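**Q** please work out how this folds:
(2 chains)
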2 protein chains.
Amino acid sequence: MTATVKPDHVRLYIPGPIEVRPEVLQTQARPMIGHRSADFEALFARVQPKLRQVFYTKSRVYVSTSSGTGLWEAASRNCIRDDRKALHLVNGAFSERWAEVSKSNGKQVDVISAEWGKAIKPEQLAEALQKATQPYDAVAIVLNETSTGVKNPLEAYVPILKQYPDTLILVDAVSIFGGYKIDFDALGLDIVLTSTQKALALPPGLAFAAVSDRVLERAKQIPYRGYYFDFIELEKFLVKNNTPSTPNISLMFATDVELDYILAEGLEARFARHERMAAMTRDWAIEMGFGLFAEEGYRSPTVTTVANTRQIDVKALNKFLATRGMTLSDGYGKLKDNTFRIAHMGDLTEADMHELFSATNEFLAMQPEKA
Amino acid sequence: MTATVKPDHVRLYIPGPIEVRPEVLQTQARPMIGHRSADFEALFARVQPKLRQVFYTKSRVYVSTSSGTGLWEAASRNCIRDDRKALHLVNGAFSERWAEVSKSNGKQVDVISAEWGKAIKPEQLAEALQKATQPYDAVAIVLNETSTGVKNPLEAYVPILKQYPDTLILVDAVSIFGGYKIDFDALGLDIVLTSTQKALALPPGLAFAAVSDRVLERAKQIPYRGYYFDFIELEKFLVKNNTPSTPNISLMFATDVELDYILAEGLEARFARHERMAAMTRDWAIEMGFGLFAEEGYRSPTVTTVANTRQIDVKALNKFLATRGMTLSDGYGKLKDNTFRIAHMGDLTEADMHELFSATNEFLAMQPEKA
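**A** Below you'll find the predicted structure:
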């Protein structure tokens, strides 16, 4: 395998799975090692401080062989007591689903919502917290709504939430983590969860969660947390540089190597690159006569949802792009017909974005003008 | 990467993760594809009938991005109603843990047990079923106890269990699946679950479960099944050749290719090879003056637990074997000091077993006689 694009290889500009470096993919072809071996423990011990660096935390980062969805379940089951409630902030398909996950585990949930494409405003959160007759056990925030391209104002929520010391702050950072600074310790967050196949530029199959001591204290008060996503169980093994059940070892190899690339680039430089790619993408969309679906001031650094105001045939666009070895994403769910999405995350570069734009422009030039 | 053993590559004779063909490992280095793409759906659709063949079923086989432990949780949460009980058969560390998993999900559990190293006898099961005041919602059976090397007599349980039509038959086949015939449809089982890193000879990170219609009917009666391991949710996506959350795509590539190898060998031939390797291992152990920990008549075709009657230093043995590019496993949990385990599963061959025995014999020849 070489770094050049093969005819059978379509470069992904979709919001996960994302493009993975050939050198990192290749680590997944390494021979297996036992997960209870000294070699695995050394691998785990090597990865852990790098993860903590990317999470900006001195706390632990759990490794789960699952998608990010699994860690939603973990967060809900470990943090919400049976006689209390959680507040879910819902403004898109993924935040809606997390609320469903809490409910499917028998948890009581209140929801505040905003129209798809809008952010949940801090005032809205403040009002909901004030109105509650009992402090919420947790507030569940999807930082970056992959369906709409909206980034919620987490940093503005924090001072409000700090007035409710019993309320744990749970953050889904799945489609933004690794492309945007989330300072776990400075913000005083309780859970930040993510998965490998987004801005971390790894294949799917593992998920990570930074977890505060407060969460572990809370978990001890909840009798039925299950097993696979039980933080108390994960903690018992983490301190031994291991996991309770057999982890995905190939992806641990890949994580180890990709985190080296990430730290070599520098986190701040990486975040700045994501901002530049996002700005380029927005500028291109506007220039080509499209709209931007997400509310101004709340646009994601990792994925842009383009309002398909030119009503182009996105399927036809992707067919054309495939001949150039590229693909972008159609709109999500109910936005399928009137938006399309461009991911600018992970290890994609500005040059990669230029290639996508110029190929798309070629396609657009071939389209008949619509009345 | 070539098929020859590199100096840095230690061949695994441990009961998972197990040795993986270099050609299969290499598939994990393929570029990513989107999981909502036509390519992924084609991959899923290609893998599904091969999985059904290995499970001997016309029913569906769910694909879970987790270890087998995750599917224990799935089985317990989808099959046991809140006001009913499950019966767990416990005769080793893993069957004990599955019972814990049920309990950690708030399920009511009865246990029948046998000493480690012994099988649960059909009469014992019959008695427990008879004694129960209400039919059990499910019976949870670990077919192959990885900790002890005991294979429980599943085939003899079935006619007994068939007298209790409300009792679902849940089988953990983790460390035996792919090395032993489990005829899902002919036996009328309800769940057979396994993971990739054992006798299927794949890296860890995915788990599979054949699931009967009866399980889906039962699941509908259980309100809080959670989300990540909810069979109803998995079913919604399976019919579209997909999974509810992002799956491990690299391992789906690997599964596709490894199943071709397995079916090319032929299932019956594969099972026979496992029996031969198991017999060789038992013969070698006896010949070298060791005992066999598992009860006669119930010895596993995939892993042999050797009673360390010669009191050799297993750590020293493994150190020696490492210089020959091999490793076996120490005893599990409380058996750590008085047993060691040899896995003979997956794609290991009789020649591989001979290599292990002759290297071990070299080590044994260097040991002083114990009084």
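
**Q** if you look at stretch A:27-36, does any of it touch chain B?
**A** Yes - using C-beta under 8 Å from any C-beta of the partner chain, stretch A:27-36 reaches chain B at A:28-35. C-beta here means a position set from N, CA and C on the backbone, and glycine is covered the same way.

**Q** can you map out the strands along the stretch 1-150 of chain A?
**A** Using DSSP state E, counting those that start in this stretch, the strands of the stretch 1-150 of chain A run over A:11-13, A:60-64, A:85-90, A:108-113, A:138-142, A:144-145, A:150-151.

**Q** out of these, which comes closest to chain B?
**A** strand A:11-13 (6.0 Å; C-beta to the nearest C-beta).

**Q** sheet-wise, list the partners of the closest one with their directions.
**A** strand A:326-330 (parallel) (DSSP bridges).

**Q** ok, residues contacting the partner strand?
**A** A:10-15, A:314-315, A:317-318, A:321, A:336, A:340-343, A:355-356, A:359-360, B:34, B:37 (C-beta atoms under 8 Å, 6 or more residues apart in numbering or on different chains).

**Q** again with stretch A:220-231
**A** For stretch A:220-231, using C-beta under 8 Å, 6+ apart, the contacting residues are A:62, A:64, A:66, A:70-71, A:73-74, A:77-82, A:211, A:215-216, A:219, A:232-233, A:244-245, B:66-67, B:69-70, B:72-73, B:77, B:97, B:100-101, B:104-106, B:226, B:228-229.

**Q** tell me how far it lies from the chain's centre.
**A** How far stretch A:220-231 lies from its chain's middle: 24 Å, per C-alpha atoms, centre = their mean, to the nearest Å.

**Q** likewise for stretch A:267-279?
**A** Remark: stretch A:267-279 is offset 16 Å from the chain centroid, using C-alpha atoms, centre = their mean.

**Q** give the burial count for residue A:320, as a bare number.
**A** 17 (other C-beta atoms under 10 Å in any protein chain shown).

**Q** please work out the average pLDDT along the one helix or strand it maps to.
**A** Residue A:320 belongs to helix A:314-323 when assigned by DSSP states H and E. Averaging pLDDT along helix A:314-323 gives 96.

**Q** quick one, that helix and strand A:326-330 angle?
**A** On the basis of axes from the mean of the first three to the mean of the last three C-alpha atoms, to 10 degrees, helix A:314-323 is oriented at 160 degrees to strand A:326-330.

**Q** summarise which helices and strands helix A:314-323 is packed against.
**A** Contact analysis of helix A:314-323 by 3 or more C-beta pairs under 8 Å, 6 or more residues apart in numbering or on different chains; DSSP states H and E lists strand A:326-330, helix A:350-365 as its packing neighbours.

**Q** pull the longest helix from chain A.
**A** helix A:267-287 (DSSP state H).

**Q** partners of the next helix or strand after it in the sheet?
**A** Downstream of helix A:267-287, the next assigned helix or strand under DSSP H and E is strand A:291-292. Here strand A:291-292 is paired, per DSSP bridges, with strand A:303-307 (antiparallel).

**Q** how far off centre is the partner strand?
**A** Using C-alpha atoms, centre = their mean, the mean C-alpha position of strand A:303-307 is found 16 Å from that of the whole chain.

**Q** so for it, mean pLDDT?
**A** 98.

**Q** before we move on, the earlier item: could you identify which of the strands of the stretch 1-150 of chain A is most buried?
**A** Sort the strands of the stretch 1-150 of chain A by mean neighbour count, taking mean count of other C-beta atoms under 10 Å in any protein chain shown, and strand A:144-145 sits at the top with a mean of 31.

**Q** is chain B contacted by that one?
**A** No - applying C-beta under 8 Å from any C-beta, one finds strand A:144-145 separated from chain B by no less than 15.4 Å.

**Q** paired strands for that strand, with orientation please.
**A** Short version: by DSSP bridges, strand A:144-145 pairs with strand A:150-151 (antiparallel).

**Q** beyond the partner strand, next helix or strand please.
**A** Strand A:150-151 is succeeded, C-terminally, by helix A:154-161 (DSSP H and E).

**Q** got the angle between that next one and strand A:138-142?
**A** 170 degrees.

**Q** now do helix A:154-161: distance to the chain's middle.
**A** Worked out by C-alpha atoms, centre = their mean, helix A:154-161 lies 19 Å from the chain centre.

**Q** show me the helices in the stretch 51-200 of chain A, by range?
**A** A:68-79, A:93-104, A:122-131, A:154-161, A:184-187 (DSSP state H, counting those that start in this stretch).

**Q** just send those back as CSV, with mean neighbour count and distance to residue B:239 too.
**A** Output for the helices of the stretch 51-200 of chain A, formatted as CSV (neighbours: other C-beta atoms under 10 Å in any protein chain shown; distance: least, C-beta to C-beta, whole Å):
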stretch, mean neighbour count, distance to residue B:239
helix A:68-79, 28, 19
helix A:93-104, 22, 19
helix A:122-131, 15, 38
helix A:154-161, 18, 37
helix A:184-187, 18, 40
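
**Q** which stretch among the ones you listed comes nearest residue B:162?
**A** helix A:93-104 (32.5 Å; C-beta to C-beta).

**Q** okay, the angle between that closest one and strand A:108-113?
**A** Using the same axes, to 10 degrees: helix A:93-104 against strand A:108-113 is 160 degrees.
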